[in-house]
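In: Turn this into a structure:
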Amino acid sequence: MEIQCSDLAASAAFYEAVLPAIGGARIMEFDVAIGYGIPPMPCFWIGEHRTGQGFRETHIAFTAPNRAAVDAFFEAARVAGAEVLHPDGNNVEAVCHSPE
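Out: Numbers count the residues shown, from 1 in each chain. Predicted structure coming up:
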């Protein structure tokens, strides 16, 4: 999956702040796109805004291994200046449906 971003550097900074809380990392990079995931292969990409006009909100829910990781993800987003909205306004969260 790839989402388009109006500011690739700002979006990369956001994901690099929050994804380590759930085991994610930057894995691959090209001129116009960056791939994230749990090594060795990326499963989530961000890229420069190339098609369409305007912004369409996306909801992205990353799987977290436990509730502590969900809390760490949220705290990293808060420290990065987001209330779990990435720089383009997408609703981003970490989810764990396991009991405590």
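In: Would you agree Gly47 is in contact with Ser6?
Out: No. Shown here, Gly47 and Ser6 do not form a contact pair, counting by CB atoms under 8 Å, at 11.0 Å. Quick note: C-beta positions are derived from backbone N, CA and C, even for glycine.
In: Among those two, which residue is more densely surrounded?
Out: For Gly47 versus Ser6, neighbours defined as other CB atoms under 10 Å are more numerous around Gly47 (18 against 12).
In: The more buried one - nearest residue in space that isn't next to it in sequence?
Out: Using CB to CB, 6 or more residues apart in numbering and skipping residues adjacent in sequence, the residue nearest Gly47 is Ala33, 3.8 Å away.
In: OK, contacts around that neighbour?
Out: Glu2, Trp45, Ile46, Gly47, Glu48 (CB atoms under 8 Å, 6 or more residues apart in numbering).
In: if we go to 10 Å?
Out: With contact set as CB atoms under 10 Å, 6 or more residues apart in numbering, Ala33 has these partners: Glu2, Gln4, Cys5, Leu8, Pro42, Trp45, Ile46, Gly47, Glu48, Arg50.
In: Repeat that for Gly35.
Out: Taking CB under 10 Å, 6+ apart as the contact definition, Gly35 lies against 2, 25-29, 41-47.
In: Could you save the residues you listed as a markdown table and add columns showing secondary structure?
Out: Rendered in a markdown table, the data for the contacts of Gly35 read as follows (DSSP: H, G, I helix; E, B strand; the rest coil):
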| residue | secondary structure |
| --- | --- |
| Glu2 | strand |
| Ala25 | strand |
| Arg26 | strand |
| Ile27 | strand |
| Met28 | strand |
| Glu29 | strand |
| Met41 | coil |
| Pro42 | coil |
| Cys43 | coil |
| Phe44 | strand |
| Trp45 | strand |
| Ile46 | strand |
| Gly47 | strand |
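In: closest to Asn90 among those residues?
Out: Using CB to CB, Ile46 comes nearest to Asn90 of the contacts of Gly35, at 9.9 Å.
In: what sits against that closest one?
Out: 1-5, 8, 11-12, 14-15, 26, 32-36, 86-88, 90.
In: just the buried members of these?
Out: In terms of neighbour count (16 or more other CB atoms under 10 Å), the buried residues within the contacts of Ile46 are 3-5, 8, 11-12, 14-15, 26, 33-36, 86-88, 90.
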